[in-house]
Every structure is written in structure tokens, then in C-alpha cells.
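In: okay, predicted coordinates and the sequence, questions at the end:
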Amino acid sequence: MMRKSSSITYSVLSCYLPPDRYFGPDARQREIAQHLYGLVAKLPLICPHGHVDPRMFVEDLRLGADSGYDFGTPVDLLIIPDHYVTRMLYSQGVPLEALGVPRRDGGPVETDHRKIWQTFAEHFYLFRGTPTGMWLAHELVEVFSVEEKLTGASAQRVYDQIAAKLTLPEFRPRRLFERFNIEVLATTDAATDPLVHHQAIRDSGWGGRVIPTFRPDGVVNLDAPGWRQNLDALSQASGIAVQSYRAFVRALEDRRAFFKRMGATATDHAALTAYTGELAETEAEAIFARGLRGAATADDAARFTGHVLMEMARMSIEDGLVMQFHVGSYRNHNPLVFERFGPDRGGDIPIAGEFTRSLRPLLVKYGNDPRLALILFTLDESTYARELAPLAGHYPAVKLGPPWWFYDSLNGMTRYREAVTETAGLYNTAGFNDDTRAFPSIPARHDLSRRVDANWIAGLVVRGIVDVDDAEEMIRDTAYRLVKRAYRLDL
Amino acid sequence: MMRKSSSITYSVLSCYLPPDRYFGPDARQREIAQHLYGLVAKLPLICPHGHVDPRMFVEDLRLGADSGYDFGTPVDLLIIPDHYVTRMLYSQGVPLEALGVPRRDGGPVETDHRKIWQTFAEHFYLFRGTPTGMWLAHELVEVFSVEEKLTGASAQRVYDQIAAKLTLPEFRPRRLFERFNIEVLATTDAATDPLVHHQAIRDSGWGGRVIPTFRPDGVVNLDAPGWRQNLDALSQASGIAVQSYRAFVRALEDRRAFFKRMGATATDHAALTAYTGELAETEAEAIFARGLRGAATADDAARFTGHVLMEMARMSIEDGLVMQFHVGSYRNHNPLVFERFGPDRGGDIPIAGEFTRSLRPLLVKYGNDPRLALILFTLDESTYARELAPLAGHYPAVKLGPPWWFYDSLNGMTRYREAVTETAGLYNTAGFNDDTRAFPSIPARHDLSRRVDANWIAGLVVRGIVDVDDAEEMIRDTAYRLVKRAYRLDL
Amino acid sequence: MMRKSSSITYSVLSCYLPPDRYFGPDARQREIAQHLYGLVAKLPLICPHGHVDPRMFVEDLRLGADSGYDFGTPVDLLIIPDHYVTRMLYSQGVPLEALGVPRRDGGPVETDHRKIWQTFAEHFYLFRGTPTGMWLAHELVEVFSVEEKLTGASAQRVYDQIAAKLTLPEFRPRRLFERFNIEVLATTDAATDPLVHHQAIRDSGWGGRVIPTFRPDGVVNLDAPGWRQNLDALSQASGIAVQSYRAFVRALEDRRAFFKRMGATATDHAALTAYTGELAETEAEAIFARGLRGAATADDAARFTGHVLMEMARMSIEDGLVMQFHVGSYRNHNPLVFERFGPDRGGDIPIAGEFTRSLRPLLVKYGNDPRLALILFTLDESTYARELAPLAGHYPAVKLGPPWWFYDSLNGMTRYREAVTETAGLYNTAGFNDDTRAFPSIPARHDLSRRVDANWIAGLVVRGIVDVDDAEEMIRDTAYRLVKRAYRLDL
């Protein structure tokens, strides 16, 4: 494709989605990057951590392929649920109501999806140079075969094209799952979730591997919204009356066993800080009792979470579930948005991180045990080289998760490789995960990651740091093998 | 120009000020960067934040073009007032006295400006690879038409050339203002400043737009040196007897209205931390009363500043003045230098920053209001991607100021773009400002910024991230449009 | 050398140790980098800070060249003592026992060095992209003339080659010292060390300059393991009965004088934080007395260290010894490894750093005195641009040490130059030091540093930031002159 700008002509360069995109400018590096990328471009996708709704793979079954789960309009699919998209427009003064984001109080929001799409298209320039812009370009071209650049002028034509695709059988969730070449997709599920959708998927005989992940934050964090109700749900799900800390631990063990039977290979934990620390059982009981009475303090909650994390590490050693730990998000920073629209609307803001001291109690007790696999995620890049890489380069239990959230991006992934590799090596990292609730963006995210890694490794080759043989091993490791091993999906 | 080094010949490369300077090495990226830079190289300069003395544009008028404001010698103009220059020589053991920096106690300092210039020239190698080195090279070549490289050997010849230029009519401040193609220049002025120079400029009928900026730190920070005298000045300037917190607020409102009438579009606030928090009116009154009695504690001062910042946000919503907030400079770190030579002599050192929690009270109350424009500046680059970009990419009120002070540099600006854009997008940033008291360095600073942005955007093009059409929009945005919009200079 | 990969052929690129390795991909930049590197590749090595055992240069003498100090097997030389190597394998589940690391309790460890070497070789892929990988490649090729790539398959052949070399006279320590072209090598020695090996080297008449460095941590830090015994040793070494703080200070002064007579030009100090602060003499005496009684608190220890650092600065002004300060390592983070194998086994993890406030008391008192040379080292890269470069770019006493430990790497050194230079300039940095206990790795480390600097400076040339003449000066400065001047080795 050739384009002509006002004053200068470039071949290839200004294509909408050039085949050599995201590779550095040097010709030799590009050539090697293209070669390495070519080795892994078609490998299956391993998705060990994400937030896709498992229901989409069930209803398809239950209700028949033609009348099953419905992605809705292009706006239902691509705009309303994607807080990466809506936060950017909100930051520029577009009310969330104008984007059709449902209000908790049922108040009026825009319902004309063509109008919402038009608003989105007219603001699409906001995403220049952002990962959301790159992912959406990929989705439009590769998933929906859109050839035009999305602008205010082309908005309605593009809408028509996507809407038409969404009516086709090959755009049913399971068909997309297969077309995307997903080898395994892990969801993230509350400890109390009965996993009925996962069961239905297993019962259906469909070959797609969709597995749950055990995320107990709602019952572990005493100050989580609805903790008491969550606890009741835990009692019900486990059949254990959770009236004491001791019973609480037993109930968690019971649920982990259930998740494992349902295919889970991992747990997931989120906290504002990486604080860990063991309580005496009597202390744990006392705090738990205060929680039950509604009398737990903020300090109680923090210490209880820090203690339960250590219990979770113990259980992981026993049951073999990989332990993920996501640290540093100040949730619901903006109460106006939270109260009107609920969580996950773009109002979560990172804070500075600290791992060396915070994680030490857990590591002292369990970090030398290779049966534990603790995968760490941070929102503070200054901890990459300073704390996380040295920890992962020493403790057998520690692996580093890929760049998380805001850093799941071209620059973010490049900085991660450059900050982490020299100290931790490649082999204490846990490959890529897409961490998305936007199902059609999955191929775009893996493709970006594979391209960034290919370009990074090609940079090592052209600088004489690794040879081509090693580079070919490394790209296969980053694209496929490391994640599979780290999440014990090869067992 | 061709140069021959001892053992290797490069065309272009080793020119003193090569026309394609600051662009990355790759030939394709350079070509695109040159094209993009060409689109904006001649655009007017928008200078919404800086420290140029407005007097220089007044006396010119009052005293007539030939006998007016005098830049003095090359040393008066380029060395003595520029703490970027003097701190570097001081760090290498050259006493500030030897550079002619006046002592507060009137003690002896070097008065032979040719000797000072010689000392400077012999130490000019210290600025290799620094922004000061780049700016000075630009000034010497582009403003003063110096063709020789500045060294100990060429020092006196270069001095002669600059001194000769400074006698010419076209080197009068207003002529330079016009030659520099400055569209608007904002100064920074105490809340108590009567703005007589600004008034004189307006009265003169000259077309140059020189506007004030409302900076109330001297009356807001209870522990500012001379706070009581500043308060008296505030009473006098506003005509309101500032004997209570309530009167203090009214006086500030009065002064803001005055500044606005005088053309101001913005306020500016500096603090060691980003702490904000609202006090009950009775608390604010009590602290203010302790301040008046000279009994305010450090904690009082911090809480009072944090409270008044919130009041300032409220007033900004009401009067539309853009609110700038500069965070993180530990002022006058070196008491020996401060006591002997006063503030702004290179002894201000950054500290680590925190915005997520500190700024939350202000953002919870006012951050969703698009009438507020809060432009944030940091001296801690680790906050760019971690806190500032996520805040700017969510809250409608927040914009990110350009890289400040030590980071107003080739690498600093590049790191900023790479850290900020993926999360905040380009359109939550506030363009460039030169933040300088060195008037003749203004074109150099804008030129460096435009080149760095052209190179950065060209890097996006060659990697297939944006197409050439988008790139052409982006460079116009970074060079001219964003800053004008962010500072409401287009209204 | 040509290699053919499965699908693509590269000349040069995939060589084991290509001659243009570590230079960036751009052809012009490479050419200039190669030119600059060529100017300094053969310059003598200045090693002002490291941990080589001085004994190796003594016994050679005492026992005769053929029967003297023995490096042992390749594993004794290259694996067992190198915690950069052993920590990486440990992090991947290889027990330290399997690598022959001696246990404190004398428990069994692997003694078959061929088996250990095989384990190492099979895990050598872990070092892809790491400085250890680069150093080892250099050592194998340049020091031991190994031509094969180290893999499980080649392991025993490579072992044979190294073992054979180690029996040759030219692989005696002094011959290697000369072959490595080491101009001066500083060791690091406890304040109580009698320096008998240094004395023996001096007495031998051998021309190699091996000098001590005064490191008093063991007597300064009240909570250092064995502090009381260290204090007794201090009494004995100084001939001063150290029963009071006052005597303690006198004993330190005495030992500094002794070290200086033995050729030392520098001291070295390590602390968890950069805290400094002066105590009243009575306070210092009281804390010291509590220390003697075994009753000092953690707070006592921190304040005492902060106070003695200030005393050390005073003494440095008096005796001219350069003061090095290494900040931020949380030592022995992993008690299991520490208890079983002792310190320096990979279990030291960095923490976040702070210099602006912590170092202020010392700088206020001594920082303006050019007689003091304070060289700062950090394990927190976020302090480079934020705190260290502004401090070094202002205070005459402050210089920045090179990237330390985990950052003594290709990316680490590049980040350092890019973060530090624009604010501190090149001339407030202290050149390179190898900081190693692995003697045969010294040439590799200096070579990597010289290549990285050549490439960085070449990047300045191709972007028109400095000209070739300046670049040639700069590479000579970074490779040789700066370090010699900073450590006062030219006096």
C-alpha cells in the first residue's frame, strides 16, 4: 500500500496496519525481528490470566448456535465495557452517560449506539500512540476486515461493517475462540463462585479449554465491599459454617480443591501493598471475630490480608496452585464515578510500591521452596530493576509476571525487558498474559507482545549479545513456553 | 560544512550546529523527523510559563529605544543570572564570586567580565551533552551569529562579537521578542505585585502580548520567608485588611480578578509535596491566627497550604484561571550558598513525589469538573507513568505539564513522551513551556522541544504506530495547539 | 565467522564474541563507536574499588612461581565464589550444595567439579542477555582462548581447556595482572586489617600497584555481626584501648593514617540508608557506651552510623582520602541461605533510596569544601536524575560513582549516562570501577564499560550533540582520566 501525504511520500510506512509494524527502525534489526516474529506468529495463544466472561462460551451451547450469546452492537462489544476506551474520552470531557455506560441508579444514558459510535470515532485521535489505539486498529483490520481508517467521516460505514460481521456464525464466541487459536483461557472468579458456566462448558463436550482462577479477595479483605455477604456465600459454597478463622481457612481450602477439580491451575490476589506477615492463630481469630462484629479497623484488615497471603502460600505449596499477586492499585480513586457507574471505570490509580521488606516474611518462610510459584505484578516500574528482578533472580519461588495494565504496551513491555532481564534473566519471567475482559482484543494483545519481544531479541542479536540460535529459542520461550510452564499448564 | 578529526572524516556530523541535529540516527526516521520539524519550525512561540523580567519590555518604552533597558555585557546577560550555568562551574570548584554572582553582604566578587567570560569558556566542556550546552550553542549561532566554537582560545573573540551585537538596535528586547516570533509571553508574579510593568507595556501601545501569572506562594505558605510582610503587602494591594482567614480569601479573590483584568490566564503554585486537604473554616481561621501571632507550626503550614490549594481550585472553577502546580523542589538545600548569594543559585534539589493519595481530596471535590484545568509538574520522573498519566487519563480537570527543570532536556523530554503517552495520550498534555528567566534562550528551548517531538513522532511513524497524516497533526499539536488550548490562550 | 540459522544467514551477527559487539544497530553510530572504542581499548585498567583477594599476589612470591597461589579448578575459579552465577542457578531450583558452595556447618556439598561444571553449562542459557553472560563469554574467549560455545554438549571439552590453561605459568595471578594491563588495583579491607598481604606485595619489589581501601563498617555499625570482637581487633591494631567514643575516633584516625601509608587513596562505607546527622559528643559517647554494654537499640545504631559518616567526612577533608558511600542494600534478606552458606550468596536485595534529605546534614557541613571527594553509589535508579545528579551538579564535594552491582550492565550503564549526564554533566562522575571479586572477569568488565560509553558518545555525535573532537576527549575521560582523578590516583 502506498500513501501520499501533503508533502512527502512513504511506501509501507503509513499503512494502516503495516506488516512490519512495531519493529525498530534499523533495517538489520527489522529483518531479524521479522524472522523471529515469523517463528511464533501462528503459535497458539496461552491466556492464563484475564477477565473474559465464561458465560459467552456457555449460552452458545445451551441455546444453540443461532440464538445463543449475543455480543450486541459494535458499541456493546467494543465501547461500553472497555474502561481503557471510556476513561480516555471521559478525561477529555465526554460524560460516561454519552458513551452509554449504565448508571447504577438507572438514570438515563445514551441508547443510540450509532451516535455513541460516532462520538467514539470523532475522538479516536485521542488514542494515537496508545496501546488501545494499536489493539483497536488490529481488531478492526484483522478481526472485522475493516479497510478504512476510523474517523468521524467513516464512522457509520465502519459501524455497518462490524455490525454485519457480528451476525455471522463465524463470529460466535466459540468460533472466534478457535479462530484466535486459543489453547487455554483462564477466567478470574470469586472464591464463592459456583462455576456453573465452567461446568456447563465442560459438560458440553466442546474442546475449548476454559478454566477458572481462584480469586478470594472478596472474602480475604475485611474491608471489601460486601464482605459479610461474601462470607455467607463462602459458607454456602463450601458447606462449612464460617464462624471462626479456623473455619474460614478450612472453607478456603475446600474451595481451592473445588477450583482445582474444575481445572484451575492458579489463584490470584490483589492488594494495595505487598505487606505480608504472620499472625498468631489467636490474633487471627480475634481480628476475624472483630470483622464478624463489624468492628475491624483498617489496620486489622491490612494485617489480616498480610496473614492470609502467607496462608495462601502454604496452601499453594500443598495443592500446587500457582499464586499470582497483583500489587499497587488504589481502587475507586474517584468516588463520583464509582458511585454513579460502579468499579472498573478507569478510576483506579497506582501508588508507589515496596516489595523488599513487605514480602520478606512470606519469602523467608516459603520463598526457598520450589513447590511454590509466586508470580508478582507491579504498577510501579521503579520496582522492576530495584526489587523484583533481584528477588526473582534469587528466590526459587518467585517469578515476575508480565508488565501489568498501564504497562501492557509497546514502551511498557520494552522497558520491562530492559529493566528486568539483566538481573533476573529471561527464565524467571512468566511470559505474557492479556489480562483482558475484551475478548476480541486477545489476538491483538498477544500479537503486540510477540512483536515487541521479537524486536527486543533482534536488538540483542544485532548488538552481538546473543546469537541467532539463542534468539530463536528465546522468542519461542517468550511467546509460548514460559507462560505455559509458569502457570503449570503443561502438567 | 566538513570537519576532519584526527583519524576519521564525517560530513555534517561534527558541525557545530548541524541542521538535522537531535534526530535519531536511522535515515528513514531522520527524514520523517526533518519533514515534521519543517512543518512547525517557524510557528510562533507560546510561552505560558516563565520568569522573564517584564521590566525589559517597559523601560525600552519609557526611556526611548536608544537609551532604554540594557542587557549589559555578555556576562550580565548569559552568565551571572543563569543558575544552570553557574551551578555547574560551582560544582567543579569555581567559586560563585569568580563568576561575578553578587553577594548579599556586598562582599567582593569578580567585576572583570572578560575574565569571567574566559573562566566560563575554559569550563564550557563541562556542558557537553547537557541542555545548557545545546541552548548556548543555539544562542551563540542563531541569536549572535557566532561561527566559532567556544573554547578558552576563542573566548575573547566570541565576547567581542556578542558585545558588539548587544549595542545594535535589533538587539533591544522588543525587537528580539518580535524576531523570536513570540506570540505570548507570561511572566510569574507575586500575588501582591502591582503589575506596573505590565500596565506600562499595555499603555505603550506596543503589540507584544506580555501577561502576568498569579503566584501566591509568598502569602499562602505560612513558613515562606517574609510571610508577615507579604501579608501586609496583600492588604495594601487588595485594599482589604487581611486580619482573618476569611479576609485572606477575599483578598486573594480580589487579586485574581485584578490579574485576570491584566491579561492573566493562569495561576501558579509550588509546594514541596502535592498534599491537599480541606480544613473546616474554624480550623483554617485558627491556623491563620497562629500564623499572625508567629505561632504556626510546620504542620500548620503544610495543612494550610493543602487547604488553600483546594480553595484555589474552587476559585479557578469560578474565574476560569488555569491552575499550575509545581511539586517536589527542596528549596535552598545549601544554606551556605543561600545565605551568601540568595535563592535560585542552583541549590534546589528534588525529592520523591506522591500524587495519588496527596491530590485525592482536591480531585474528589473538583477533578470531575471540566471547568477546572489543573496542570501538574513533577521533579520525580517515576511518577510520570505510575501516577500522573493515569490521573490525567481519567480526571477531566487534570493535564500534564511538560518535563520540568532538570528534565527540560533531550533525554528528559523523550522519556516523558515514552512514559506518559501510552496511558494519558497526547491530548492530556499541555504542550511545551520554556520556564526560563534567560530571555535569549527562549528560541533555543522551543527549537529543542520541537526537534525532540518531531523525532519522537517520526519514531512512531517508522514503527507503523501512526501514519504520516496523524503525525502531521501531532507535531502541530505538540508545537503550538496544545499549549494554547491548555492555557486558554485561544479564548 | 559465518553462521547459518534455520532460515536466515547473518555474517558477523551471530559470532560468539563479535568485534563490534554492544554497539547500537545504526551503521553510522557503529562506525563512530568503533573509532572511539579503538582510542581506549588498550588503555591501562584503573580498578579503584573491588574485592579481589590480595593474597593471590603474595603467595606467588613467597612460595615461588611454580608452587604458589593456586586458582584451583575452573569451578573453584569461576563458579563457587561468584554469587552472580550461583544465585541465578539457585533461583531456578538448583541447590547451592549442587554447585559446591561450602556450607557453614560443614555439611556435604558436591565435590566433583566436572559434575558441577556440567550443571553450570547446562544452565548457561539462563544468562542470555545478562552481564554475567557477557563477561563469561569474554573470559572464555579472551582469557582462556575457548572457541566453542558453552553448552551441555561442549561442557567437558571447555573444562579441559580452562583446566589446562590454569596450569601454565602465564596464568599465574601476577602474569595475568600484567597481561590485563592493570595500572592499579584497590582491594577493600576492614579497618582492623593488618594489611600483611599488601605489605608483602610492597616488600617483594614487584611493580604491580595493589593498594588497600579503608572500610570501617564492621566497627562503625553497632549492629554489625561481631561488632565487639571487631572493636577488640581495632584496639589491637591501633594500639589504642577503644573504651570510649573519643578513643574510637582516635583509633579510626590512626588506622586511616596507616592505610594511607600503605597506599590507600580512599575509604568505603556501606549503609542501608543515606542517613547522616551529627550527635553531640555526649550523645555519641552514651550510644557507644550502650553498644559496649550490648544495650544499643536499632535506632542507636542508625544514629551512630549517621554521625560517624559525618566524622569520616571531616577526616577525609583532613587526610585527603576519597570517601565512597554505597547505599541501599538490604543485606542477607534470605536467612536460610545466610545461615547455611554465609553472606554474599545472592541474597542481598535493594530498597528504595533517598539522598536529598538524608545526606543534607553532611553536605551542609562539608559539601562546599572541594577538599572533600564524596563518591555516591545507589541501588535505586530513580534517584539518579531526581537526587544524585542535582546534588553532584551543585555541591563541589559530590561525585557520582558508576552504576553499581545489578546496574553494572549494558542497559544499566546506558540508563545511567542518559539519566545523569544532562544534569550533572560528565565531569561530576567518577569513571568506571569493576567492583569484583572475580579477578579474571576484570578485563571483560572494563571492556563492556568502554564499549557502552563509546556507543553512548557515538550516539551524541550522530545526533549532532557533540562533535568528534569533543567525543574523543569524552571517551578518554570515561575510560581512564575521570576515574584516576576522582580517586586521586594521579597525585
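Out: Looks like it arrived, so ask away. Values in this document were obtained by computation on a predicted structure and should not be read as measured data.
In: which one is A:Pro48 nearest to, not counting chain neighbours?
Out: A:Tyr487 (4.0 Å; Cβ to Cβ, 6 or more residues apart in numbering or on different chains). C-betas here are computed from N, CA, C, even on glycine.
In: my guess is the one you found contacts A:Ala264. True?
Out: No: A:Tyr487 sits out of contact with A:Ala264 when judged by Cβ atoms under 8 Å, with a separation of 10.2 Å.
In: what about the two, which has more around it?
Out: Remark: of A:Tyr487 and A:Ala264, A:Tyr487 carries more neighbours, 28 against 23, as counted by other Cβ atoms under 10 Å in any protein chain shown.
In: how about the residues of the stretch 201-350 of chain A near chain B?
Out: A:330, A:333-337, A:346-350 (Cβ under 8 Å from any Cβ of the partner chain).
In: now which of these would you call buried?
Out: Burial by neighbour count, 16 or more other Cβ atoms under 10 Å in any protein chain shown: within those this picks out A:330, A:333-334, A:337, A:346-350.
In: A:Glu278: which of these is nearest?
Out: A:Tyr330 (25.8 Å; Cβ to Cβ).
In: for the closest one, what are its contacts?
Out: Contact analysis of A:Tyr330 by Cβ atoms under 8 Å, 6 or more residues apart in numbering or on different chains lists A:272, A:348-351, B:356-357.
In: of those, closest to A:Leu482?
Out: A:Pro350 (25.0 Å).
In: what is the neighbour count of the nearest residue to the closest one once chain neighbours are set aside?
Out: Once flanking residues are discounted, A:Pro350 sits nearest to A:Leu379: 3.5 Å by Cβ to Cβ, 6+ apart. By other Cβ under 10 Å, 25 other residues sit near A:Leu379.
In: same check on A:Gly367?
Out: 24.
In: and what of the one 5 residues further on?
Out: By the criterion of other Cβ under 10 Å, A:Leu372 has 24 neighbours.
In: doesn't A:Tyr366 make contact with it?
Out: Yes: A:Leu372 lies in contact with A:Tyr366 (Cβ under 8 Å); the separation is 5.2 Å.
In: please name the nearest non-neighbouring residue to A:Phe355.
Out: Nearest to A:Phe355 is A:Glu387, by Cβ to Cβ, 6+ apart, at 4.4 Å.
In: quick check: the one you found touching A:Glu354?
Out: Yes: between A:Glu387 and A:Glu354 there is a contact at 7.4 Å, judged by Cβ under 8 Å.
In: before we move on, the earlier item: mutual contacts of A:Tyr487 and A:Ala264, please.
Out: By Cβ under 8 Å, 6+ apart, the residues touching both A:Tyr487 and A:Ala264 are A:Ala186.
In: what comes into contact with stretch A:97-110?
Out: Under Cβ under 8 Å, 6+ apart, the answer for stretch A:97-110 is A:75, A:79-80, A:86, A:89-90, A:96, A:111, A:113, A:116, A:119-120, A:339-342, A:345.
In: touching, A:Tyr407 and B:Pro390? I think so.
Out: No: taking contacts as Cβ under 8 Å, A:Tyr407 lies outside contact range of B:Pro390: 10.9 Å.
In: strands of chain A, start to end?
Out: All strands of chain A, identified by DSSP state E, fall at A:2-4, A:9-11, A:45-47, A:182-186, A:189-190, A:210-211, A:214-215, A:266-271, A:322-327, A:329-330, A:349-350, A:374-378, A:398-400.
In: run the chain-centre distance for stretch A:428-436.
Out: 8 Å (Cα atoms, centre = their mean, to the nearest Å).
In: do that stretch and chain C come into contact?
Out: Yes: residues of stretch A:428-436 contacting chain C under Cβ under 8 Å from any Cβ: A:Asn428.
In: just the CA trace of that stretch, in PDB.
Out: This file holds the C-alpha atoms of stretch A:428-436, laid out as PDB (Å, rounded to 0.1, in the frame of the first residue of the first chain):
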ATOM      1  CA  ASN A 428      12.500 -16.000  35.900                       C
ATOM      2  CA  THR A 429       9.700 -14.300  34.000                       C
ATOM      3  CA  ALA A 430       6.300 -15.700  33.400                       C
ATOM      4  CA  GLY A 431       5.600 -15.000  29.700                       C
ATOM      5  CA  PHE A 432       2.700 -12.900  28.500                       C
ATOM      6  CA  ASN A 433      -0.900 -12.700  29.700                       C
ATOM      7  CA  ASP A 434      -3.500 -10.400  28.200                       C
ATOM      8  CA  ASP A 435      -5.500  -9.700  31.400                       C
ATOM      9  CA  THR A 436      -8.400  -8.500  29.400                       C
END
